[in-house]
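# missing the sequence, but the structure's below:
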């Protein structure tokens, strides 16, 4: 019997040592991160897209920050600024300022502020989502009040593009803690729709030969007429800023694209005149010339649009056109955009963790801070197809939250980022008709088609959102 006890004890001891070793190894290999499986989208030369099989990605979360001990709830102004920070000039409107080596948003009362937004804070249009809306909220007023309360409780302080501005501004009249918002005016796409020649592409408007109509003499007139609508908002302190358009084709080969237009097009004539003024033949075009013309197109667009915006609303920020492709990686283009923008807005996909050099370049080149205005993951456990859109696919809602923490920790750490806009409020509805091809069947939202919150994800989002000022202090003290 004694021998059996000794053998049993030895086995248990060996098992315990084995388990302890496994735990130590796990701690050593994940001391700075956890591994999260994700599928990345692949873009094929024929225009089709597919997803690779799951592969693990290093993912840093709040739990992986050495010695991060948040000091507790930060006292916030009614606009969401950090009242523990030195108060800056109170202009009555949001603006940005570089304090030391960090860029900040500044709220209307002058307190340093970080913009945490959600895109498309809007109600669904399908019969299914309408039925869920009627059952849960009954009225638009109930929906927006409950939604803003839910978002603020989870650390969001702004609505991004394509949100219900009318409902938000009405709610702000009665809320003690107002909710900031943005407006996208779609100057170029609206002009193109009126002019003719545009077409729908997944996620944005398409233009002939990827050449926007910036050289049309009527474009400037159109912008000035459209910008008169800004007068309605120019005195509202809750407006964070204006986008002028979404995901336009600012292409490196813009010069080639404009020269490929019909000869009676204003864009073709502008490209030919530009070459003639520089003494360049079409056979002599170099990549340096392409860089210059790309910036020339940008200067034409941003000078016209920013002039119209500031003419009718000098109070609010012009926060860009939501760059989405390689334009943001071209120095001369970004330098040109920075002449006119208060904030650079970038839709930044295909990066599990934002690239440190990218984030440095955007501000070094433009001289302006940035916000990331689109990024997301889709959870396979949602039961949705998840074939549309550009975001990653992960296994669970909790994994979506882990991605959110990893991604945004890098943004905070950069010191050049003054906010992020997550895409988006509600999942795509597969039963909806006539929607954008990029928004068909994907688990992009923080709420379902029935307006139920994806709780495992939201818990992770709340943890970082509500700690953003503590995290800024942490990174600034440790870098």
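Here it is on my side, so go on. Remember, it's a predicted structure, so these values are computed and weren't measured experimentally. Numbers count the residues shown, from 1 in each chain.
# so who does the nearest residue to residue 323 once chain neighbours are set aside touch?
Distances taken as CB to CB, 6 or more residues apart in numbering place residue 346 nearest to residue 323, at 5.0 Å, with adjacent residues excluded. All C-beta spots, glycine's among them, are computed from the backbone N, C-alpha and C. Taking CB atoms under 8 Å, 6 or more residues apart in numbering as the criterion, residue 346 is in contact with 322-324, 328, 362, 370-373.
# now do residue 440
The contact partners of residue 440, by CB under 8 Å, 6+ apart, come to 385, 387-388, 428, 430, 432.
# what's the answer for residue 409, then?
60-62, 65, 464, 471.
# give me the most central residue, this structure.
residue 373 (1.7 Å; CA atoms, centre = their mean).
# could you measure from it over to residue 275?
34 Å (CB to CB, to the nearest Å).
# can you check residue 296 too?
Relative to residue 275, and taking CB to CB, residue 296 is found at 11 Å.
# tell me the predicted confidence for the closest residue to residue 417 other than its chain neighbours.
Nearest non-adjacent residue to residue 417, counting by CB to CB, 6+ apart: residue 411, 4.2 Å away. Model confidence at residue 411, given as pLDDT, is 98.
# from the chain's centroid, how far away is the helix or strand containing residue 305?
Of the helices and strands defined by DSSP states H and E, residue 305 is found in helix 287-312. Centre-to-centre, helix 287-312 and its host chain are 22 Å apart (CA atoms, centre = their mean, to the nearest Å).
# for it, packing partners?
Contact here means 3 or more CB pairs under 8 Å, 6 or more residues apart in numbering; DSSP states H and E; on that basis helix 287-312 packs against helix 187-195, helix 217-226, helix 254-259, helix 266-278, strand 317-318, helix 331-338.
# make JSON lines from those and add mean pLDDT, distance to residue 168 and mean neighbour count to it.
Below are those laid out as JSON lines (pLDDT from 0 to 100; distance: least, CB to CB, whole Å; neighbours: other CB atoms under 10 Å):
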{"stretch": "helix 187-195", "mean pLDDT": "97", "distance to residue 168": "21", "mean neighbour count": "19"}
{"stretch": "helix 217-226", "mean pLDDT": "98", "distance to residue 168": "21", "mean neighbour count": "16"}
{"stretch": "helix 254-259", "mean pLDDT": "98", "distance to residue 168": "36", "mean neighbour count": "23"}
{"stretch": "helix 266-278", "mean pLDDT": "98", "distance to residue 168": "37", "mean neighbour count": "16"}
{"stretch": "strand 317-318", "mean pLDDT": "98", "distance to residue 168": "17", "mean neighbour count": "20"}
{"stretch": "helix 331-338", "mean pLDDT": "98", "distance to residue 168": "28", "mean neighbour count": "21"}
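# count of residues packed around residue 233?
Neighbours of residue 233 under the rule other CB atoms under 10 Å: 18.
# and the residue lying closest to it once chain neighbours are set aside, what does it touch?
Closest residue to residue 233 apart from its sequence neighbours, by CB to CB, 6+ apart: residue 239 at 5.3 Å. Residue 239 makes contact with 93-94, 180-183, 233, 316, according to CB under 8 Å, 6+ apart.
# those into a markdown table, with extra columns for secondary structure, pLDDT and distance to residue 444?
Shown next, in a markdown table, are the contacts of residue 239 (DSSP: H, G, I helix; E, B strand; the rest coil; pLDDT from 0 to 100; distance: CB to CB, whole Å):
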| residue | secondary structure | pLDDT | distance to residue 444 |
| --- | --- | --- | --- |
| 93 | coil | 98 | 31 |
| 94 | coil | 98 | 26 |
| 180 | strand | 98 | 22 |
| 181 | strand | 98 | 20 |
| 182 | strand | 98 | 18 |
| 183 | strand | 98 | 21 |
| 233 | coil | 98 | 28 |
| 316 | coil | 98 | 28 |
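# and the residues you listed, which two are the farthest apart?
93 and 183 (14.0 Å; CB to CB).
# distance-wise, check the nearest residue to residue 463 once chain neighbours are set aside relative to residue 297.
Nearest residue to residue 463, sequence neighbours excluded (CB to CB, 6+ apart): residue 62, at 5.7 Å. Separation of residue 62 from residue 297 (CB to CB) stands at 42 Å.
# again, but for residue 148
Residue 148 sits 39 Å away from residue 297, going by CB to CB.
# just residue 339 next, same as before
Residue 339 is 14 Å from residue 297, by CB to CB.
# the more surrounded of these two?
residue 297 (28 against 14).
# ok, that one touching residue 250?
Yes: look at residue 297 against residue 250 with CB atoms under 8 Å: they come within range, at 6.7 Å.
# dihedrals phi and psi, the residue nearest to the centre of the chain?
Backbone torsions for residue 373, taken as degrees, to the nearest 10, come to phi -110, psi 0.
# what's near enough to touch it?
119, 160-161, 243, 320, 322, 345-347, 420-421 are the contacts of residue 373 under CB under 8 Å, 6+ apart.
# same thing with residue 81?
Counted by CB under 8 Å, 6+ apart, residue 81 has contacts 106-107, 109-113.
# just the buried residues of the contacts of residue 346.
Buried members of the contacts of residue 346, counted by 16 or more other CB atoms under 10 Å: 322-324, 328, 362, 370-373.
# sort out for me which of those residues are in helices.
residue 362 (DSSP state H).
# pick the one among the buried ones among the contacts of residue 346 closest to residue 85.
residue 371 (19.1 Å).
# give me the nearest residue to the closest one, chain neighbours excluded.
In space, and not counting its chain neighbours, residue 371 is closest to residue 419: 4.2 Å by CB to CB, 6+ apart.
# can you tell which of the helices and strands packed on helix 287-312 is closest to residue 479?
Across the helices and strands packed on helix 287-312, residue 479 has its closest neighbour in helix 331-338 (23.9 Å, CB to CB).
# report the angle between that closest one and helix 287-312.
With axes from the mean of the first three to the mean of the last three CA atoms, to 10 degrees applied, the angle from helix 331-338 to helix 287-312 works out at 10 degrees.
# after helix 331-338 comes which helix or strand?
strand 344-347.
# start to end distance for stretch 110-127?
With CA to CA, to the nearest Å as the measure, stretch 110-127 spans 44 Å from end to end.
# confirm for me that residue 203 is in contact with residue 436.
Yes: with contacts counted by CB under 8 Å, residue 203 reaches residue 436, the gap being 6.5 Å.
# quick one on the thing from earlier: and the contacts of residue 373, which is closest to residue 174?
Nearest to residue 174, judged by CB to CB, of these is residue 160 at 22.4 Å.
# show me what contacts that closest one?
Contacts of residue 160 by CB under 8 Å, 6+ apart are 117-121, 182, 373, 421-424.
# tell me the contacts of the residue lying closest to residue 220 once chain neighbours are set aside?
Once flanking residues are discounted, residue 220 sits nearest to residue 304: 5.0 Å by CB to CB, 6+ apart. Counting by CB under 8 Å, 6+ apart, residue 304 makes contact with 214, 219-220, 223.
# what about the stretch 1-150 of the chain, any weak spots by pLDDT?
Filtered on pLDDT under 70, the stretch 1-150 of the chain yields the residue ranges 1-30.
# mind listing the strands for it?
34-39, 41-43, 49-51, 55-59, 95-99, 102-106, 112-113, 115-118 (DSSP state E, counting those that start in this stretch).
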